[in-house]
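In: Predicted coordinates and the sequence they were generated for:
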Amino acid sequence: MRDLSLTDEALRALDHALRVLGGVNMGTGRPMPAPVPVPEGGPAQPMTTQELRHAAGLMRVNHAGEIAAQGLYEGQALFAQTPKERQFLKHAGQEEADHLRWTRERVKALGARTSLLDPAWYLGAFVLGAVAARMGSKVSMGFLAETEVQVEAHLKDHLGSLPARDEASLAVIRQMMADEHEHAQAAGRRGAAPLPSPIPQLMKASARLMTSTAYWV
């Protein structure tokens, strides 16, 4: 089987972007995490209108984050320094695609829509991933590790903010946290270099802009 040329990879990346933004199911095929069973004593009370709206906003933010994750991994994979690094990024991206599917399903189940700015989230992250990859494997893995650490912290905040009665969303968030942690650890094992001081702060500021916007738009 022949190796793909850069042109082949670029066309594959374009196809991937269209699939992501078109809502085509991808990933490893893992089923959505099952919620913790409700204790005996009767069914849980349904969420209030305000709780539904808040849960939908948070899951829309998480879906937008997973759109960005797909762009990030694709940008890094396209310009990866070695075939092994590219394969690692593609595999991790497939696991992240499970998150994309789960969050999309939760947003719909909560009676809401995904962010109207999804194409912007994807493109911006793709460019960042491509730039990081062009700076070398250690920087690329460092960028990935820092991203996953920040995402894990963001998801932890959502665990405390989601309505306790939204067991389905909470189960998704917990599994996502476990996966993000493993991806950060895997990047570290691949020689991730610590990023210079201003970069993590800029990444946090960019993430805040995305999350505050995607909650509403």
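Out: That came through fine. Numbering: from 1, shown residues only.
In: Stretch 51-68: which residues count as buried?
Out: 51-52, 54-68 (16 or more other Cβ atoms under 10 Å). From N, CA and C alone the C-beta is placed, and that goes for glycine too.
In: For it, give the mean pLDDT please.
Out: Regarding stretch 51-68, the rounded mean pLDDT is 96.
In: So that it lines up with my notes, have the first residue be 178 from now on.
Out: Okay, residue one is now 178; in that scheme the one you just asked about reads as stretch 228-245.
In: Thought residue 238 was touching residue 332, still the case?
Out: No: taking contacts as Cβ atoms under 8 Å, residue 332 lies outside contact range of residue 238: 10.2 Å.
In: Give the burial count for residue 311, as a bare number.
Out: Counted by other Cβ atoms under 10 Å, the residues lying close to residue 311 total 14.
In: go on, residue 246?
Out: Residue 246: 28 neighbours (other Cβ under 10 Å).
In: Tell me the first helix or strand C-terminal of the host helix or strand of it.
Out: Assigned by DSSP states H and E, residue 246 belongs to helix 226-255. Where DSSP H and E defines the elements, the next helix or strand beyond helix 226-255 is helix 260-286.
In: Just want the most central residue of the chain.
Out: Centroid check for the chain by Cα atoms, centre = their mean gives residue 243 as the closest residue, at 2.7 Å.
In: Can you verify my assumption that that residue contacts residue 277?
Out: Yes: if you go by Cβ under 8 Å, residue 243 and residue 277 touch, sitting 4.0 Å apart.
In: what about residue 224, which SS state?
Out: Secondary structure assignment for residue 224 (DSSP: H, G, I helix; E, B strand; the rest coil): coil.
In: for the spatially closest residue to residue 343 that is not a sequence neighbour, what are its contacts?
Out: Distance criterion Cβ to Cβ, 6 or more residues apart in numbering; nearest residue to residue 343, sequence neighbours excluded, is residue 232 at 4.7 Å. By Cβ atoms under 8 Å, 6 or more residues apart in numbering, residue 232 lies in contact with 224, 287, 339, 340, 343, 346.
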